[in-house]
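# Need a 3D model of the sequence below.
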Amino acid sequence: MLNRSIEEINQKISQGEARVFTAEEVTRMVVDGEKPSASEIDVVTTGTCGIMSGTAALLHLKVDEPGSFKKAKKIYLNGVPGFPGPCPNEWLGSVDLIIYGTAHSIHDSDYGGGFLFKDMVAGKEIEIKVESTHGEIIESSTTLEEMGTARMIGTRMAFKNYTAFVNPDSKPVSSIFNAIDMEGPFQGLSFSGCGELNPLQNDPVMKTICMGSRILLNGSEGFIMDHGTRSTSKKPNLMLTADMHDMNSHYLGGFKTAAGPEVFDSVAIAIPITSQEVLEQTFIKNSDIKLPVADIKGRHLPLTETDYGKLWNGTESRPTYYPEKCINCATCLVKERCPTLAFNQGLNRKKCFGCGMCAYSCDQGTFEMKTGSVELEIEKQIFDVPIACRQSDLKRAREITRDLTRRIEKGLFSIYKC
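Numbering: from 1, shown residues only. Okay, the predicted model is just below:
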């Protein structure tokens, strides 16, 4: 049986000879009756994109000239509160801070840390407001390019196991797990996860994905710091970091939910094929991956289960927009509900996340999208539940996976040895 070292694989990468396939491509081979061999594949690339609430940014930025204030007591970027420190930077005119992707602006309830991070990476000017320990108010502005340090840290990202949610009751429920108050009973289902493309689905025991492994986080090359918070052997996730200066704003952003703005990120990880055993872990299909379905009011109490084949296979990644069907409602539910602010007098496809909320909300047929539905058996009753909201974007996940694939093929990305 073939056993290959990481050094051998990296040598092939450096020579531009590595044979690289995405996890979806490998799975399609298996579905088509082929038997992929480790002698024919050097690297399998994986990826995911979705809401990752544990996202934060560690920043160092200039606020004013040295000597202008002693130290910051409070700081806001575009109205989003950060936490100054731990270094006080006395009299330096600059601030070290950490800011959460889930933080909410004090000025705009729809704007939060995720939207701020996207604006920063896109090169937009960011408004700064500092309240010093002596009560002075200092206002200025900056850009990401001017920040000395801007490092994203994801305390828990790329979960292997997710949970889908429904509301079995008639009263709507507000939650971060749906873009709007979830209607019921069983009026819609929300879910996360990119199924067979997801990194930890393709290396479930983390044989090749480990602390120190190189990754792409929102297009920036970073690394795995450790297991993420709340990670267990049965439900693993990852703690990741990368420099925000090298990120691509397309891969990250804010996502409005019924309980306030969240943050989404994109991650890609390479799996070196050191043996046939490692390769065969990547044969997993969407239909093989079970997904618990829970009451949105009690997320740890599954009602039943489904699988990613029922949620992703045969669906569309983006809506089709028919502006001629729009009747200009006094209150446009699509504009009001769109989690990434992609609809405003037209559909901004670059901002679109493919969540499906537009097609779910508009009853005029202005938006059409095959998001599918799923049959759930709960207490011996069958419910046909439409997919109301996807909190993961398979299209972006595929794009960042292809990005990683190209870098490896060009010899620009090497594999870390666990």
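# Show me the strands in the stretch 251-400 of the chain, by range?
Secondary structure of the stretch 251-400 of the chain by DSSP state E, counting those that start in this stretch: the strands cover 253-257, 260-272, 290-295, 302-307, 320-321, 367-368, 373-378, 381-390.
# Quick one: distance of the second one to the chain centre.
Translated: strand 260-272. Between the centre of strand 260-272 and the centre of its chain there are 4 Å (C-alpha atoms, centre = their mean, to the nearest Å).
# can you state the direction angle for it and strand 253-257?
Angle, strand 260-272 to strand 253-257, by axes from the mean of the first three to the mean of the last three C-alpha atoms, to 10 degrees: 130 degrees.
# buried residues in strand 260-272?
Of the residues in strand 260-272, Pro261, Glu262, Val263, Phe264, Asp265, Ser266, Val267, Ala268, Ile269, Ala270, Ile271, Pro272 count as buried by neighbour count, 16 or more other C-beta atoms under 10 Å. (Glycine included, C-beta is placed from N, CA and C.)
# again, but for stretch 121-136
Buried positions in stretch 121-136, judged by neighbour count with 16+ other C-beta under 10 Å: Val121, Ile126, Ile128, Lys129, Val130, Glu131, Ser132.
# Kindly report the same for stretch 236-255.
Here stretch 236-255 shows 236-242, 244, 247-255 as buried, counting by 16+ other C-beta under 10 Å.
# can the buried residues of stretch 121-136 go into TSV with extra columns for distance to Ile138?
Converted to TSV, the buried residues of stretch 121-136 look like this (distance: C-beta to C-beta, whole Å):
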residue	distance to Ile138
Val121	25
Ile126	14
Ile128	8
Lys129	8
Val130	5
Glu131	8
Ser132	7
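# Which members of these occur in strands, if any?
Ile126, Ile128, Lys129, Val130, Glu131, Ser132 (DSSP state E).
# Closest one of the residues you listed to Glu368?
Distance to Glu368 across these (C-beta to C-beta) is lowest for Ile126, with 37.3 Å.
# In terms of pLDDT, where does His300 sit?
pLDDT recorded at His300 is 73.
# Against Glu336, how distant is the closest residue to it other than its chain neighbours?
Nearest non-adjacent residue to His300, counting by C-beta to C-beta, 6 or more residues apart in numbering: Ala294, 7.1 Å away. Per C-beta to C-beta, to the nearest Å, Ala294 is found 27 Å from Glu336.
# could you give the mean pLDDT of stretch 269-285?
Averaged over stretch 269-285, pLDDT sits at 97.
# Alpha carbons of it, in CSV - could you do that?
This file holds the C-alpha atoms of stretch 269-285, laid out as CSV (Å, rounded to 0.1, in the frame of the first residue of the first chain):
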residue,chain,number,x,y,z
ILE,A,269,-7.7,23.6,3.8
ALA,A,270,-5.6,21.1,1.8
ILE,A,271,-5.4,17.4,2.6
PRO,A,272,-2.2,15.8,1.6
ILE,A,273,-2.8,12.3,0.3
THR,A,274,-0.2,10.3,2.2
SER,A,275,-2.0,7.0,1.9
GLN,A,276,-5.1,5.3,0.4
GLU,A,277,-6.7,5.4,3.8
VAL,A,278,-6.4,9.2,3.9
LEU,A,279,-7.8,9.4,0.3
GLU,A,280,-10.8,7.2,1.1
GLN,A,281,-11.9,9.6,3.9
THR,A,282,-12.5,12.1,1.2
PHE,A,283,-15.0,9.8,-0.7
ILE,A,284,-17.8,11.0,1.6
LYS,A,285,-21.1,12.2,-0.1
